[in-house]
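Novice: below is the structure, and that's it, no one-letter string:
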Ligand SMILES: [Zn+2]
């Protein structure tokens, strides 16, 4: 790009960031709904005929809003973006496999085989899985479960237990989300930082979940998503994200919390995309201890770094805290859990 154009670009950017935030983010409309149609296939082993729960339980859990299940979870944590309402539950079906065959599988690779057994069973019952965006195979017995390349297998064999934190995490993989990472942030369970963003479902089970029930069945629930996952799933369109290159510290920015009921017209996250080559992206989000996030230690503002298509939790800030590097200066001016607003100041030093 010619030098003259660059100068013009910088002039435009400086003009842009000197406006009050409400003017800078432009017109706000709600994000469009993204329909994801899943097939949930309930499968029994040939030698184990016990159906853990009736099919309507899974229909309520995976496809119906207002029940407190996964359809509500994914709508809420994507700020109304993901709609699982057209998903369908099929079964219970009996697979042409004995439970003893599971002992011959090696996990986690064997999950692929378990999903395939469910897919084959659905096909044998005339179900066209090609019309779905993803497949979840629920089996009534097993020793290992989770995401595979061809879908997700969930072992659901205890009528008294429903592992919602685990299931939401594996559904996150189904929707394309990678694990989240943390750097020098506790609690952490790996040297690489993988699973060390306890504020994000993609670090489960090292995550701030809470005990609760779904239709009388106990389990753990939450937490919601970090800003990286939310953006990946399309929940930060239409003015919900403020993307900046430079910013004046004197301009306060007000954030609404992720994973909570939508506050129409609100700003939910800031990303700092430095103009120089090779710089990573920093994001700022506000989290409120309620609903799917009720297991969090407190309200807080989180700083993440995004590099190599992964998110790294860098710092958890409370009111009055500051995160400073040679490039940025971020201060949490206030957090108001009642009005659910956090005010931050962001200054760039380049
Ligand atoms: Zn995982």
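Specialist: Cool, the structure landed. Source: prediction; values computed, not measured.
Novice: hey, let's count contacts and neighbours off CA atoms from now on
Specialist: OK.
Novice: show me where the stretch 1-150 of the chain has strands.
Specialist: 34-35, 38-44, 82-83, 88-94, 134-139, 146-148 (DSSP state E, counting those that start in this stretch).
Novice: any chance of those in TSV, with distance to residue 274 too?
Specialist: Output for those, formatted as TSV (distance: least, Cα to Cα, whole Å):
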stretch	distance to residue 274
strand 34-35	30
strand 38-44	39
strand 82-83	30
strand 88-94	44
strand 134-139	36
strand 146-148	35
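Novice: mean neighbour count and mean pLDDT added to those strands, as a markdown table?
Specialist: Below are the strands of the stretch 1-150 of the chain laid out as a markdown table (neighbours: other Cα atoms under 10 Å; pLDDT from 0 to 100):
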| stretch | mean neighbour count | mean pLDDT |
| --- | --- | --- |
| strand 34-35 | 15 | 94 |
| strand 38-44 | 26 | 98 |
| strand 82-83 | 22 | 97 |
| strand 88-94 | 19 | 98 |
| strand 134-139 | 25 | 98 |
| strand 146-148 | 21 | 96 |
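Novice: just so I know, which of those strands lies nearest residue 290?
Specialist: strand 82-83 (20.1 Å; Cα to Cα).
Novice: which helices and strands sit right next to the closest one?
Specialist: Secondary-structure packing of strand 82-83 (3 or more Cα pairs under 8 Å, 6 or more residues apart in numbering; DSSP states H and E): strand 34-35, helix 70-77.
Novice: doesn't residue 200 make contact with residue 169?
Specialist: No: at 9.3 Å, residue 169 does not count as touching residue 200 under the criterion of Cα atoms under 8 Å.
Novice: before we move on, the earlier item: right, so of the helices and strands packed on strand 82-83, which gets closest to residue 129?
Specialist: strand 34-35 (16.1 Å).
Novice: okay, which residue is most central for this protein?
Specialist: The residue lying closest to the centre of the chain (Cα atoms, centre = their mean) is residue 225, at 3.4 Å.
Novice: gap between residue 112 and residue 139?
Specialist: 13 Å (Cα to Cα, to the nearest Å).
Novice: same question, residue 95
Specialist: 10 Å.
Novice: list residues touching both of the two?
Specialist: 43, 44, 45 (Cα atoms under 8 Å, 6 or more residues apart in numbering).
Novice: for the first one, give me its contacts.
Specialist: By Cα under 8 Å, 6+ apart, residue 43 lies in contact with 91, 92, 93, 94, 95, 118, 121, 137, 138, 139, 140.
Novice: so the third one touches residue 121, yeah?
Specialist: It stands for residue 93. Yes: contact criterion Cα under 8 Å: residue 93 and residue 121 qualify, at 7.1 Å.
Novice: burial of the residue nearest to residue 37 when sequence neighbours are not counted, as a residue count?
Specialist: In space, and not counting its chain neighbours, residue 37 is closest to residue 87: 4.4 Å by Cα to Cα, 6 or more residues apart in numbering. Per other Cα atoms under 10 Å, the neighbour tally for residue 87 reads 21.
Novice: what sits against residue 87?
Specialist: Residue 87 neighbours (Cα under 8 Å, 6+ apart): 36, 37, 38, 39, 40, 62, 63, 132.
Novice: mind redoing it with 10 Å?
Specialist: 35-40, 59, 62-64, 71, 132-135 (Cα atoms under 10 Å, 6 or more residues apart in numbering).
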